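Novice: The following comprises the amino acid sequence and a computationally predicted model.
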Amino acid sequence: MSTETNEYQQLDELSLEQLLQLHLNCALPSAWTILESHLHGRGLFATRDIEEGEVIFKDQALVLGPRSGTSCPPVCVGCFSSSNPLHPCTLHCRLPVCSSSCQTSSQHQIECGFLRAQEGVQTDKAQINWDLLRAVTPLRCLRMSKLKRKIMKSLESSHFQICEVDLLKRHLHRPLSSSEEAYLRLCCGILDTNAYGGSGGGEDNKSLNFRGLYALSAIMNHCCRPNTTYWFDADQRMVVKASSKIKEGEEILSTYSSLLWGTAMRRSFLRNTKEFECRCLRCKDPTEFGSNLSAIYCKVKPCPGLLLPSNPLDLKSDWSCTAQATTPFSDHKLSAHKVFPLINIYAKVAQMLTESEDLAQVDKFLRSVPEFSQPAVQIRKHFVLHSTDEISGKEPNKL
Ligand SMILES: C[S@@+](CC[C@H](N)C(=O)[O-])C[C@H]1O[C@@H](n2cnc3c(N)ncnc32)[C@H](O)[C@@H]1O
């Protein structure tokens, strides 16, 4: 029997928890275990009391690739940095790199070889193809170790129709073999469901933007009031820390959406990208634990109340006024289809103001929306980050 078959058989005998411990070289006993969750499928649970602020685990990515999309600056496929000027790889794979060491890095060799060997006939080889950036992470899954492949295949996969494989097929002239295509499609589904987008530091304080499949983190279910927080260290490991005390037996929960988004935005993001309806306590509470993050001022003048969704789990429900019982006005409601355009306008204005940084206009705008509304929170967050960066001498962050 070959060593390879032996290796596979040995891996087959291990549970997902043991495979992950092997991959992460964990010190045992771990503070976590994998159990069935009442939320969905499997979840991560505390094996002992975990103190607030304690690092629960450091997760090593199974695969890393560049982050892409309209909200991300263009990055180098080698180092994931957007700080240096980018140029097309000179080997004509049409991906952006920032240096010769990034071009010759072992991780770039995977997609570079694949795209080079099968260049599209009519493409301009000297140009960067920004669309292809999306296909890099799935292509890197083609060259995973057996252990990583086994772990990846045990993760949950979505059935999204939009897939980077179709994009790749448009840019290649050699058809993908059926096994390549099936494997790449599986990888895309697994990445969509489980990958985390990382950004932040890195060496020399460069801002990095990457997408990583962190398998242990991928077992964590979502909650809009999670009990963990995470960041990425200089080696692009995902460090997961308890944001509140977690008792033995409790589920360890992450968040897949921004905590600063209001309920309607979080729930539609989760439905569209992760295919589930969140029904956590924060989603059920119109005031979002008293923060009134989704609120807009009541439109009946001079009512001082705030409009909040009557039933936040139903996107179509009316928005009612908090001051209704104590004011002489009767018609303090707005239908959802009138509220959402308003919220969208506020969000766009908030974005424009943070980009232009006209402080007089920002001040005027902040007076027109409730203190804890999402656009107000976003604007404040922007200026806090900006001033922190000014103090530390870094380039200011954009929202
Ligand atoms: C990264 S996986 C989480 C682990 C997953 N439970 C498993 O068994 O592998 C993400 C998927 O879990 C499900 N999920 C996560 N949090 C959930 C929640 N709060 N409510 C319902 N489903 C959830 C969704 O189907 C989501 O696409």
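Specialist: Cool, the structure landed.
Novice: got the residues of the stretch 51-200 of the chain near the ligand?
Specialist: Proximity of the stretch 51-200 of the chain to the ligand, by CB under 6 Å from any ligand atom, involves residues 156, 193-194. C-beta: built from backbone N, CA, C; applies to glycine.
Novice: how about the helices in the stretch 1-150 of the chain?
Specialist: Taking DSSP state H, counting those that start in this stretch as the test, the helices found in the stretch 1-150 of the chain are 3-12, 16-24, 100-103, 106-117, 136-140, 146-153.
Novice: which stretch among those helices comes nearest D166?
Specialist: Of all the helices of the stretch 1-150 of the chain, helix 136-140 sits nearest to D166, with 11.5 Å by CB to CB.
Novice: ok, what's across the strand from I34?
Specialist: I34 forms beta bridges with L44, as assigned by DSSP bridges.
Novice: quick one on the thing from earlier: what would the residues of the stretch 51-200 of the chain next to the ligand look like in CSV with pLDDT, neighbour count and secondary structure?
Specialist: Listed next are those as CSV, based on pLDDT from 0 to 100; neighbours: other CB atoms under 10 Å; DSSP: H, G, I helix; E, B strand; the rest coil:
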residue, pLDDT, neighbour count, secondary structure
E156, 94, 15, coil
T193, 93, 19, helix
N194, 95, 23, helix
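Novice: Same list, these, but as a markdown table with distance to L313 please.
Specialist: Shown next, in a markdown table, are those (distance: CB to CB, whole Å):
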| residue | distance to L313 |
| --- | --- |
| E156 | 23 |
| T193 | 23 |
| N194 | 25 |
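Novice: so which of the helices of the stretch 1-150 of the chain comes closest to Q236?
Specialist: In terms of CB to CB, the element of those nearest to Q236 is helix 106-117, at 11.1 Å.
Novice: buried stuff in that closest one?
Specialist: Buried residues in helix 106-117, counted by 16 or more other CB atoms under 10 Å: 107-108, 110-112, 114-115.
Novice: Then stretch 352-372?
Specialist: Buried residues in stretch 352-372, counted by 16+ other CB under 10 Å: 353-354, 362, 365-366, 369-370, 372.
Novice: Closest one of the residues you listed to A46?
Specialist: F372 (31.2 Å).
Novice: how much space between L186 and the ligand?
Specialist: 15 Å (CB to the nearest ligand atom, to the nearest Å).
Novice: Indicate the residue of this protein located nearest to the ligand.
Specialist: Relative to the ligand, the nearest point of the chain is G41 (2.6 Å; CB to the nearest ligand atom).
Novice: can you pull the contacts of the closest residue to that residue other than its chain neighbours?
Specialist: Distances taken as CB to CB, 6 or more residues apart in numbering put E156 closest to G41, at 6.4 Å, once the chain neighbours are dropped. Listed by CB atoms under 8 Å, 6 or more residues apart in numbering, the contact set of E156 reads 41, 190, 193-194, 218.
Novice: Need the helices of the stretch 1-150 of the chain in CSV (columns: mean pLDDT).
Specialist: Formatted as CSV, the helices of the stretch 1-150 of the chain follow (pLDDT from 0 to 100):
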stretch, mean pLDDT
helix 3-12, 65
helix 16-24, 95
helix 100-103, 96
helix 106-117, 87
helix 136-140, 95
helix 146-153, 96
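Novice: if you compare the ones you listed, which one is most tucked away?
Specialist: Of all these, helix 136-140 carries the top mean neighbour count, a mean of 24, counting by mean count of other CB atoms under 10 Å.
Novice: related to what we said a few turns ago, among the buried residues of helix 106-117, find me the one that's closest to K381.
Specialist: Taking CB to CB as the measure, K381 lies nearest Q107 of the buried residues of helix 106-117, at 32.8 Å.
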